[in-house]
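Q: Okay, sequence plus prediction incoming.
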Amino acid sequence: MGSKGTKTDAELEEIRKRKLKELEKEYFGEPVEVTDKTFAQFIKGGPAVVVDFWAEWCGPCRLMAPVVDGLAKKYSGKVIFGKLNVDENPATAKRYAVTVIPTLIFFKIGEPVDRVVGFVPNQQLEQKIKSILA
């Protein structure tokens, strides 16, 4: 520990990483709530990650939610799913140029490789998932 019993930045970062891994294990099979603060680490949490950018007031987002939940269960252990509320986390939405919701961004090894804007059928999302897993 650092001076006076406080933790150093490196120690805090190590604790944060450990807690994020614990959360991933706890919530595997269902989307994890992601924030501006946790986003960068979250997208590096697995080889394939899908983040649903949404908002409470968005009707199409509500239609997309059960589709994303079902895919999270189906691809548990292969793909990590996250949900980012754009109203509460505007910095990440702006960084990834999310101007229409729902938007799903597909990441492979921490880098964006594809995106879907608006409500789309389950089959179309599965094709995108299979392509990032290939």
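A: Now that the structure is in, tell me what you want to look at. Numbering: from 1, shown residues only.
Q: Every contact and neighbour count from this point should use C-alpha atoms.
A: Fine.
Q: what residues are up against the residue nearest the centre of the chain?
A: Central residue of the chain (C-alpha atoms, centre = their mean): G82, 2.7 Å from the mean position. With contact taken as C-alpha atoms under 8 Å, 6 or more residues apart in numbering, G82 is in contact with P31, V32, E33, V34, V49, V50, V51, D52.
Q: Confirm that the fifth one lies within a helix, as I assumed.
A: It refers to V49. No. V49: not assigned to a helix; according to DSSP: H, G, I helix; E, B strand; the rest coil it is strand.
Q: For the chain, just list every one of the strands.
A: Using DSSP state E, the strands found in the chain span residues 32-34, 48-54, 80-85, 103-108, 111-117.
Q: what sits up against the last one?
A: This means strand 111-117. Residues contacting strand 111-117 (C-alpha under 8 Å, 6+ apart): I43, V100, I101, P102, T103, L104, I105, F106, F107, K128, I132.
Q: Weed out the non-buried ones from those residues.
A: I43, I101, P102, T103, L104, I105, F106, F107, I132 (16 or more other C-alpha atoms under 10 Å).
Q: so which pair among the contacts of strand 111-117 is furthest apart in space?
A: Spatial extent of the contacts of strand 111-117 (C-alpha to C-alpha) is set by the pair V100 and I132 at 22.6 Å.
Q: Number of residues surrounding M64?
A: 20 (other C-alpha atoms under 10 Å).
Q: any idea how far the residue found closest to it once you drop the neighbours it is linked to in the chain is from P31?
A: Distances taken as C-alpha to C-alpha, 6 or more residues apart in numbering put F119 closest to M64, at 6.0 Å, once the chain neighbours are dropped. Using C-alpha to C-alpha, to the nearest Å, we find F119 at a distance of 17 Å from P31.
Q: Those two: which is more packed in?
A: A direct count of neighbours by other C-alpha under 10 Å for F119 and P31 places P31 higher, at 24 against 18.
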